[in-house]
Structure formats: structure tokens, C-alpha cells
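Chemist: no sequence on this one, just coordinates:
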């Protein structure tokens, strides 16, 4: 972005006018751009130098428009800043209306960070195979600790012989062709492997322990890791993403939207597609936070158990430690 010296000076003067202290400027920067002043300039510099360095940084990173608009929003009464911000205003649509945020609960995601998070999450999801030789009862699960997988209670109920059950991670199609990885097999821990459970006609979840710490597997120099689900507020129309093994197939992704957040305090309904074998899949919001556990199809939608309901149930039954 080419910015002339005189215009850069106007931006600096506007920011100095709007932010009489470095602390106030730093708060706006961190809350609006998620960046700290300490990462850009020295706190020993004068306010003028701090603002100048901030502008140089914003230009170099293509974020000057974002900076000026954030400051103008934060200081709507500052006339000097308002005048400068006009130079960064966007054109209206052909219909004569400005663009708008339709879903207040859904933000804009940085593509690179979003893709990296998705790449990590896919390593933490597994296909659950209750027995060899048949796909009856197959499901999906995901790691919530180094050696703990969450799935549905009705998937766990198909474990006729725990010694035969396989948890297959990395079972997915090759990005370069039709080949499918055989994946990484894990088994259930011996003894009392089921750490917590709510029946299929209640919250339909089960926490089961693996005999190995699959979350510590090294993949391309990094640990496989595990999911940290979140209890969060969802709204109707909000996107939902499901990582799953539909019909026991290699890992797939489906996208839909929430169709009825108000179904109950414990469940959420959505339009994302699933099939047999998808039970126990993680349901993700647009930020890729795990917010629900998919458990069944309905007449015109699919349904998941809200993570907040699972969290509350674990706490009420003395299993809070499973939440990490």
C-alpha cells in the first residue's frame, strides 16, 4: 500500500489526537487488531514515535485501513480521526446499501490460521470399529486428552468384546490422489476403560480410555494433540462443521447451519449431513471450536448434544477432572 508522507502525517496526528496516552492506544490495538504495542515498538519511546512506528508497521502488514477504521469506531466523536477515516471508506453496493454483518455471533476468520487448526483437528478424530469383518456399529470419536476419546454411549454399547475394538486415527484419502491411508490403530485400555457415560436416551456420551497415549504421537514434528471443547452460545443460522466417518468411510467434512438452537438446553439441531458411522463426531462452530457431540438424525435435521450440557453433567457426577 503506497501512502504519501503528508497523508501518513495526517493519520499520525489523528491517532495522537484520539489517544492522549499510550495505554489507551494499546488497549484499542489489542482489542481491535489482536496485536500488542510491545510487539511493534518500544515502550520507552515517546508517544509520537510509538504512533509513527505503529503506522509504519500497519502499512508494511497491509493493515492501515483496519487500524484507522478500528480507531474511528473506538472514537466516534473525534473529528480529526473521522475526517481521516473517510479516506478509507468502502464503496456502496449497486443497490445503494453498505455491506452488513448478518450473523452477529459469527466473525471473520484468518484463512491460514483456520486451515492450520482444521489440519490439527483432523488428526484428533478417529473411526471406531467395534469388531473386525463388519461395519455394524461403526462410529466416530475424538481425543479430549492424550489417551481419552469421547464418542456416543450408543457407539460404546456396541463393544461386545473390548479387546477387539479398534480406534483408527489418520484414516483419510490422500490429498494427491485416491489412495487411502491405513491409519494408526489404537486399542482400549484394559480393565474399566469407560471413565464416564450418559445413556443413549439421556446425553448419549461416553469417555473411554485408550491403552496408548495417541495424543503424544509425533506427526510432521508436532504432537497429534487433543481437542479442548468449549461451552459457548450458538444462534440459529450459524454455520456448523462436522468432522466424521460417514458410512465408515475415510474422514469427511460436512457443513450446514444451526436450524434450532432452542430445541432444549441440552441439544442443538442442524442441517449438516451425516450418515451411519457419524455418531460421536465433533461438531464445530466457525472458529473450529468443538461445541457439540453429534449423536443422531431427526426427521428433517440432525442433532447434537451441546458440550455445555456434557460439561455440566460431568461436574454433577464428580467427573470434573475429565474436562482437563
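Modeler: The structure has been received and is ready for your questions. Remember, predicted model here, so these are calculated numbers, not experimental data.
Chemist: Which of the three states applies to residue 131?
Modeler: The three-state assignment at residue 131 reads coil, by DSSP: H, G, I helix; E, B strand; the rest coil.
Chemist: Check whether it really touches residue 162, as I assumed.
Modeler: No. Proximity of residue 131 to residue 162 does not meet the contact threshold set by CB atoms under 8 Å, at 10.6 Å. Heads up, the C-betas are built off the backbone N, CA and C, glycines and all.
Chemist: Nearest residue to residue 213 in space, please, no chain neighbours.
Modeler: residue 146 (4.1 Å; CB to CB, 6 or more residues apart in numbering).
Chemist: One more: residue 28?
Modeler: residue 74 (4.9 Å).
Chemist: measure the one you found to residue 235 for me?
Modeler: From residue 74 across to residue 235, the span is 25 Å (CB to CB, to the nearest Å).
Chemist: Those two: which is more packed in?
Modeler: A direct count of neighbours by other CB atoms under 10 Å for residue 74 and residue 235 places residue 74 higher, at 18 against 13.
Chemist: Can you list the low-confidence ranges for the stretch 1-150 of the chain?
Modeler: 1-3, 89-100 (pLDDT under 70).
Chemist: Would you map the strands across it?
Modeler: Using DSSP state E, counting those that start in this stretch, the strands of the stretch 1-150 of the chain run over 125-129, 139-145, 148-151.
Chemist: Select, out of the ones you listed, the one closest to residue 189.
Modeler: strand 148-151 (9.6 Å; CB to CB).
Chemist: Same question for the helix or strand that that closest one is followed by: list its buried residues.
Modeler: Following strand 148-151 in sequence order, the next helix or strand is helix 153-156 (DSSP states H and E). Judged by neighbour count (16 or more other CB atoms under 10 Å), helix 153-156 contains these buried residues: 153-156.
Chemist: next one: stretch 66-80
Modeler: 67-68, 70-72, 74-75, 78.
Chemist: distance between the ends of that stretch?
Modeler: 17 Å (CA to CA, to the nearest Å).
Chemist: For it, give me every contacting residue.
Modeler: Stretch 66-80 has contacts (CB atoms under 8 Å, 6 or more residues apart in numbering) with 11, 13-15, 17-19, 28-29, 32-33, 54-55, 58, 81-82, 84-85, 88.
Chemist: Residue 293 looks like it's in a strand, true?
Modeler: Yes. Counting by three-state DSSP, one finds residue 293 located in a strand.
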